[in-house]
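Asks: missing the sequence, but the structure's below:
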């Protein structure tokens, strides 16, 4: 909720590391018949909330709110396909253009319930100058940290 990007990302990665056995590299070890497969589940939920946050504000969907900058690359898309939200399934992809100065987003929602507002959080990518959504340039002054999509 606080928007502390560094601590949020630290928590996600720590959860993945702590939920994995360093001896067997699995999530589930058997010790005398005791097993558990849930240690990583909060981190998986955190990953979705970093990119598609339907919990931070009532009736709102927030895109890329705490996305790790390492996930935004020139050579590979960040892709969420049929990602579940409380509003319905969402497809979202994000990629930096070849110059690294443009963010290219593709977004399609299959809502059961339409959110009151959809907000794009502009990732703090150094040198970012433009953002496109579904091939169309978004009106962005280069300073605003959020853009209302709907």
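Replies: Received it, and whenever you're ready, just let me know what you need. All values derive from a computational prediction rather than experimental measurement. Numbers count the residues shown, from 1 in each chain.

Asks: shaky segments in the protein?
Replies: 1-2, 9, 12-44 (pLDDT under 70).

Asks: over to the residue nearest to the spatial centre of it: give its phi and psi.
Replies: A centroid search over the chain (C-alpha atoms, centre = their mean) returns residue 51, at 1.5 Å, as the residue closest to the centre. Per-residue torsions, residue 51: phi -100, psi -40 (degrees, to the nearest 10).

Asks: is it true that it touches residue 81?
Replies: No. With contacts counted by C-beta atoms under 8 Å, residue 51 stays clear of residue 81, the gap being 11.8 Å. Using the backbone N, CA and C atoms, a C-beta is placed for each residue, glycine as well.

Asks: tell me the spacing between the residue nearest to the centre of the chain and residue 92.
Replies: 7 Å (C-beta to C-beta, to the nearest Å).

Asks: what sits in contact with each of the two?
Replies: 63, 80, 83 (C-beta atoms under 8 Å, 6 or more residues apart in numbering).

Asks: how about the last one, secondary structure?
Replies: It refers to residue 83. Taken by DSSP: H, G, I helix; E, B strand; the rest coil, the conformation at residue 83 corresponds to strand.

Asks: where do the helices sit along the chain?
Replies: Taking DSSP state H as the test, the helices found in the chain are 5-18, 41-51.
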